[in-house]
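1. Sequence first, then the predicted structure, then my questions.
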Amino acid sequence: MKILGLTGGFHFGSCDASASIVVDGILIASVEEERITRVKGSFSIPPARCIKVALEIACLDISDIDYVGIYVSEYDDAVREMHQHITSLFGYCPEILKINHHLCHAASSFYASEYEEATIVTFDWSGDGISSSIWKGSDNSLELIESIPRPNSLGIFYAAFTQLLGFERGDEYKVMGLASYGNPNIDLSNILDTSECIYKLNTNIINKSNRSLYQLVYNSELTRLLPNYQRFRYSPIEKKHIDLASSVQASYENAVTNFVEYAITKTGVANLCIAGGGGLNCTANGKLLKSSKIKNIFVPPFPNDTGCSYGAACVISINNNIKIKSISSAQFGPYFSDDQIKNDIDLLKCEAIYSQDIAVDVANEICKGSLVGWFQGGLEVGPRALGGRSILADPTNPSVKERINKYVKFREDFRPFAPSVLLSKCSIYFDLNQESPFMNFIANVKLKEIIPGVTHVDGTARIHTVKDNSGLYSKLLKEIESINGHPVVLNTSFNYMGQPIVCNPKEAIYTFFGTGLDVLAIGNWILRKK
């Protein structure tokens, strides 16, 4: 059974276009449109080139696909539009099935996990009229327990304040990072009531005429309730803005914690799966780890709409009595051999040296202070760099954060960086007692003075745990440990601000020469700047 799941589309609100192929319950390929077209976010863009690339990875033709699953059910003409679109691309389209949006989210988390039974909670702006939902997952079934209709939405709440603070929609992660610098001293209970198990958004603040992702989410009611807090895009960030970001984050965390604990009470299952764009709020996820009602938490590498392509394919598989295999990696995108890489190096007339042991050579470069572009294996799906397309540096260097923000990423100086750490040594450095293979949890740093480069202003870090014998990336961490005694490396996505993560060797080389990186380790080839 070969199933193609798709996200993205032609309507307002569609984003994160992607294609996933599941064969007999196993995820074979998952590719985001933005990584191929280089248009970040793919707002109101249907999946196109990502379908072609996913088919190539899976060594399939469109005619080999049994079903196509799409992640919306409320649009009456969604099947017709997608059928025409795919037919225009390939000359043929398999049967298309519509799957409920939040069912796709729930499936993308539960079936990616190893849990036999779990409570599943989804949070996002909205999909198919729903903003949040509670599900119970058991073996090969998903049962809807409760749903919260739009516009009572945590996604809308966070997006409104993201814009009020002078950022673009989609920049919610910037607000999360900025929040750590402030004090949550602004009362937002008249905008988001978190006193009950189910949060309640004051929907009077919503701009009802919003028809574009680039228009304001909020109206004058929000600025009336919070006078003098609006920040325009290019104006300075003041203390009041920082405190507002902190207050927004605190309100969001309260709402999420209350809702999740309520969900577990409803299902009676302490294993938790999270999906939806809200699953990318790593600070809130980290706070959930402290709840006595939760046993384990799983967040997939693609909790946003990207993962709905996988979720849609899972739902169709389950409906055909096919058991889904969990995932342990996010590298389901394009892979490039050393020969392909060398062809691009020669085409761009670069000088490169072939490494006999890339992990050893790169570990030495990192420990002597080099900023390294790391391009290895398949491209990750989801927003996190997890050892496939990463920028790496020495976290023991206190100035490394400023160097990368200023000379490589070209981004705001308040933005933190994440550590990758060997799983067996994680508890030495961080207050985290479970795996975080997809970098979705924040925890306190125990040894702040040793790894200042990945310690945020509030003493936390967004942690990426790496199993000790999981391939080249774990070998690199072991080599770093043999040099400086610490199996930890600063890991950020291989891109600069406003650009998608690099996909192919040419993009890696362009980014290397267009930024302040010192070394590029691409396959077994090493490029250095003179």
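-> Received the coordinates, thanks.
2. State the helix or strand in which residue 311 lies.
-> helix 308-319 (DSSP states H and E).
3. next one: residue 88
-> Residue 88 belongs to helix 78-90, assigned by DSSP H and E.
4. just residue 264 next, same as before
-> Using DSSP H and E, residue 264 sits in helix 239-267.
5. Now do the very next helix or strand once past that helix and helix 308-319, the angle between them.
-> Going down the chain from helix 239-267, the next helix or strand is strand 271-275, by DSSP H and E. Angle of strand 271-275 versus helix 308-319, following axes from the mean of the first three to the mean of the last three Cα atoms, to 10 degrees, is 130 degrees.
6. helices and strands around strand 271-275, which ones?
-> Packing partners of strand 271-275 (3 or more Cβ pairs under 8 Å, 6 or more residues apart in numbering; DSSP states H and E): helix 101-110, strand 117-127, helix 239-267, helix 282-288, strand 296-298. For every residue, glycine as well, the C-beta is placed using N, CA and C.
7. okay, those in JSON lines with distance to residue 407 next?
-> Output for the helices and strands packed on strand 271-275, formatted as JSON lines (distance: least, Cβ to Cβ, whole Å):
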{"stretch": "helix 101-110", "distance to residue 407": "36"}
{"stretch": "strand 117-127", "distance to residue 407": "35"}
{"stretch": "helix 239-267", "distance to residue 407": "25"}
{"stretch": "helix 282-288", "distance to residue 407": "25"}
{"stretch": "strand 296-298", "distance to residue 407": "36"}
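8. ok, and the closest non-adjacent residue to residue 452?
-> Take residue 452 and drop its neighbours on the chain: the residue closest to it by Cβ to Cβ, 6 or more residues apart in numbering is residue 398, 4.4 Å away.
9. just residue 69 next, same as before
-> With Cβ to Cβ, 6+ apart as the criterion, residue 69 has its nearest non-adjacent residue at 3.3 Å, and that residue is residue 312.
10. surely that neighbour meets residue 99?
-> Yes - using Cβ atoms under 8 Å, residue 312 makes contact with residue 99 at a distance of 4.5 Å.
11. okay, and the common contacts of those two?
-> Any residue near both residue 312 and residue 99 by Cβ atoms under 8 Å, 6 or more residues apart in numbering counts here, and that gives 69, 70, 71.
12. which ones are touching residue 448?
-> Residue 448 makes contact with 455, 459, according to Cβ under 8 Å, 6+ apart.
13. mind checking how far it is from residue 232?
-> Here the criterion is Cβ to Cβ, to the nearest Å. By it, residue 448 lies 35 Å from residue 232.
14. How is residue 30 assigned, secondary-structure-wise?
-> Following DSSP: H, G, I helix; E, B strand; the rest coil, residue 30 is assigned to strand.
15. To what extent is it buried, counted in neighbours?
-> 31 (other Cβ atoms under 10 Å).
16. Which parts of the stretch 301-450 of the chain are strands?
-> 353-354, 372-375, 389-393, 418-422, 441-444 (DSSP state E, counting those that start in this stretch).
17. Tabulate those in CSV, adding columns for mean pLDDT.
-> Below are the strands of the stretch 301-450 of the chain laid out as CSV (pLDDT from 0 to 100):
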stretch, mean pLDDT
strand 353-354, 97
strand 372-375, 98
strand 389-393, 98
strand 418-422, 98
strand 441-444, 96
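18. Residue 208: which of those strands is closest?
-> strand 441-444 (34.7 Å; Cβ to Cβ).
19. partners of the helix or strand following that closest one in the sheet?
-> Counting by DSSP H and E, the next helix or strand C-terminal to strand 441-444 is strand 460-466. Each strand paired with strand 460-466, and its direction, by DSSP bridges: strand 418-422 (parallel), strand 441-444 (antiparallel).
20. of all those, which gets the most neighbours per residue?
-> strand 418-422 (a mean of 25; mean count of other Cβ atoms under 10 Å).
21. tilt between that strand and strand 389-393?
-> Going by the same axes, to 10 degrees, strand 418-422 makes 90 degrees with strand 389-393.
22. pretty sure residue 394 contacts residue 364?
-> No - applying Cβ under 8 Å as the test, residue 394 and residue 364 come out as separate, 11.0 Å apart.
23. Which one of these two is surrounded by more residues?
-> The neighbour count for residue 394 versus residue 364, taken as other Cβ under 10 Å, is higher for residue 394 (23 against 13).
24. What count of nearby residues applies to the nearest residue to the more buried one once chain neighbours are set aside?
-> Leaving aside its sequence neighbours, residue 394 sits nearest to residue 366 (Cβ to Cβ, 6+ apart; 5.3 Å). Residue 366: 27 surrounding residues under other Cβ under 10 Å.
25. can you list the domain ranges for this protein.
-> 2-102+308-319, 113-299, 338-528 (automatic domain parsing).
26. Indicate which one of those domains is closest to residue 329.
-> Closest among the domains of the chain, using Cβ to Cβ: domain 338-528, at 7.9 Å.
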